[in-house]
Structures are given as C-alpha cells and as structure tokens.
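A.B. asks: Curious how this folds, go ahead:
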Amino acid sequence: MIQYRSKLSCLILLIWASACTELTPEQVAQHSLTPKVLVIGIDGIRPDVLMDVNTPNLDKLAEEGSFTSHAMTGYPSVSGPGWSSMLIGVWPEKHGVTDNSFEGERYDDFPDFLTRIEQIRPELSTFAVADWVPLGRSDQGRPTISDAVDVKHVLDGYEVGWAEADARSVQLAVQQLEGSDPDALFVYLGNPDEVSHEHNSIGSEYRGAIALADEHVGILVEAIRARATYGEEDWLILSSTDHGRRSDGGHGGDTEEERTIYFLANGPSVITGTPPDSIFIVDVAVTALTHLAIQIDPSWQLDGKPVGIR
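C.D. replies: Coordinates of the predicted model:
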C-alpha cells in the first residue's frame, strides 16, 4: 500500500509539473523566435515637449508597446554620466563619470552592455553608431562604448553638422540591418540636444529637431521589419534619453524638468501599457541584456532591473 501511494504521488507530481510548464501557442511561438535588440538613444529629450510634438513613429511604438514620460535619470543631468548610466546599467558612483570630461571613468570595471554581450556571448553580433565622439572614441582613457563591439562607427556631429550626422548614423544602422545579421544595436541621435543649446530654448527649432529624430526612428523600424528573417525574430526596440532640460535649454541640475526622461519599449516580448514600477535610466541596459537571455551576474553590481518585458 505504501509503495502504491508512493507511485501514485509521483504520478500526480508528474502530471502537475507537466501542466505547470505547458505553454500557450503564443508563448511557444515567442520562445521559438531569435531575440534581438535595438536601443535608440535621443539626446536631451524633455518628455512633456516630446508628448506635444507630432511624432507618429514613436507614438505608434508606444501605442503598441510600453511607454512612460516619468522615468528618471541621475545627477548631474548631463550627457557624460547620463549615457554612461544608460549604456552600462550603473550610477555615476560606480562608473565614475560625473561630467562631460569623462575623467575618473571606470569602464574596465563597468563596461557598456554591448561589451558585456561580447564577453558573455561572443557569437552574437553587436553594432553601435554615435555622432557624439566621446561615446565611441577617446584620446584619453577609454570611450563609453568599447572597441570590443563588432562594428562601431563614430561620427563628429560638430564637424559634419548634427542633423546630417544623425542622418548618416541612421543610414549606417540601416545598412547593417540590411546587409548583416546583428543581434544588438545602439544608435545615438544628438541633434535635438544641440539645437536646444544653440537656441537656448525648447521652442520651435527644438521641436522640429525632435520631429526629425522621429523620422529617423521610423526609418530604423522600417529596416527591421523589412528584414527577410523578421518573422523568425523577436525584436525588442528600446528608446530613451540621457536627461531632460529647463525652458532655457539648459540642464545639469537636480530639478524635475532636468531629470525626468522618457522610456519606451516595443516588441513581442513587451508587456503593453504604462510600466507599473518606477523606471530609471540604468534599467535600459539591463532590459536589453535580459531580453538576449544573458544572465545578470551579481558580481557585475548592476543597479538597473529589466522592465516592461516578459
């Protein structure tokens, strides 16, 4: 009798385990897709202005995915620490960048998420393009995005002109999507921030630059969806910014308008709607890594968390 009960208990446990692990058809289809990620970073976007500008491409991504205009960046609210925090997943106290001089960077200890991918899963293909030079090239110390990335393009927005440099950056990314098989991409667009600084405002010129950035987003999304293998891929598209700004176009302080940023996620793995939890700039890198099934090692000391994805 004891032996019979033992066998019966085992049978019940097996049936229960099978039922618990049974996946829906949608989940089965999703798990059979190849995860890929595109991170689009647009410099200096104030979320309330973004919401007021006609941005059909970002709007559609947000409508189909997850979006908040109340995410937060760190302090000081300038580009050096902001992009370092987004691309690495830790706050300035760890990565060491506290201004745009990048002095004190600790990128050897805290590498960008694309370099993490190369370290953990070198078989994956990584790509980055940026027209703010310090993100990809440095005469002193190390750039934010390391040379371990498979394909890296660095343009100079000051030399080329920011609108033109952004357009060229997008075309380089499109060429990569059309002619290769990238798994993780980062595309930086710097024009909106520079336009706001040039005009010392968040007025019509700045809003026009945001609208132009939205056009670039549409080109990138179209290139992804035109891929012959798109039906076999699970693309996660993330977009965010490094800081907000004051009405005079300035930033760097600790005010709400300077530190409030947006966060957008789109793709089959995304939980649609407004994220229930507080979102921070350091969550972007961790979300990208998690989507690519890279186990977060506690020894990396990452401050971010995966958000908006299943």
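A.B. asks: In terms of secondary structure, what does the longest helix along the chain contact?
C.D. replies: Counting residues, the longest helix in the chain under DSSP state H turns out to be helix 204-225. Helices and strands in packing contact with helix 204-225 are listed as strand 34-42, helix 47-52, helix 56-64, helix 162-179, strand 184-189, helix 191-199, strand 233-240; criterion 3 or more C-beta pairs under 8 Å, 6 or more residues apart in numbering; DSSP states H and E. To be clear about C-beta, it is placed using only N, CA and C from the backbone, and glycine gets the same treatment.
A.B. asks: closest one to Arg116 among those?
C.D. replies: Nearest of those to Arg116, taken as C-beta to C-beta: strand 184-189 at 9.7 Å.
A.B. asks: in the chain, which residue is closest to the centre?
C.D. replies: Closest to where the C-alpha atoms of the chain average out (C-alpha atoms, centre = their mean) is Val39, at 3.5 Å.
A.B. asks: which residues does that residue bridge with?
C.D. replies: With beta bridges defined as DSSP bridges, Val39 has these partners: Phe186, Leu238.
A.B. asks: In this structure it contacts Leu289, no?
C.D. replies: No - with contact defined as C-beta atoms under 8 Å, Val39 does not count as touching Leu289 (10.9 Å).
A.B. asks: between these two, what contacts are shared?
C.D. replies: The contact sets of Val39 and Leu289 overlap at Phe113 (C-beta atoms under 8 Å, 6 or more residues apart in numbering).
A.B. asks: The longest helix of the chain to helix 162-179, inter-axis angle?
C.D. replies: What separates the directions of helix 204-225 and helix 162-179 is an angle of 10 degrees, with axes from the mean of the first three to the mean of the last three C-alpha atoms, to 10 degrees.
A.B. asks: Mind listing what's buried along helix 204-225?
C.D. replies: Using 16 or more other C-beta atoms under 10 Å as the burial criterion, the residues of helix 204-225 that qualify are 206-207, 209-214, 216-218, 220-221, 223-224.
A.B. asks: who touches Gly253 in this structure?
C.D. replies: Taking C-beta under 8 Å, 6+ apart as the definition of contact, the neighbours of Gly253 are 75-77, 246.
A.B. asks: I'd like to check what contacts the longest helix of the chain. Which residues are they?
C.D. replies: Outside of helix 204-225, the residues within contact range by C-beta under 8 Å, 6+ apart are 38, 40, 42, 45, 49-50, 52-58, 61, 163, 166-167, 170, 173-174, 177-178, 187, 189, 191-192, 194-196, 198-199, 230, 235, 237, 239, 249.
A.B. asks: Those, buried ones only, as a ChimeraX selection?
C.D. replies: What follows is the ChimeraX syntax selecting those of these that are buried according to 16+ other C-beta under 10 Å:
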select :38,40,42,45,49,50,53,55,57,58,61,163,166,167,170,173,174,177,187,189,191,192,194,195,196,235,237,239,249
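A.B. asks: just to revisit the earlier point, show the model's pLDDT score for the residue nearest to the centre of the chain.
C.D. replies: pLDDT recorded at Val39 is 99.
A.B. asks: and it, what does it touch?
C.D. replies: With contact set as C-beta under 8 Å, 6+ apart, Val39 has these partners: 113, 184-187, 238-240, 284, 288.
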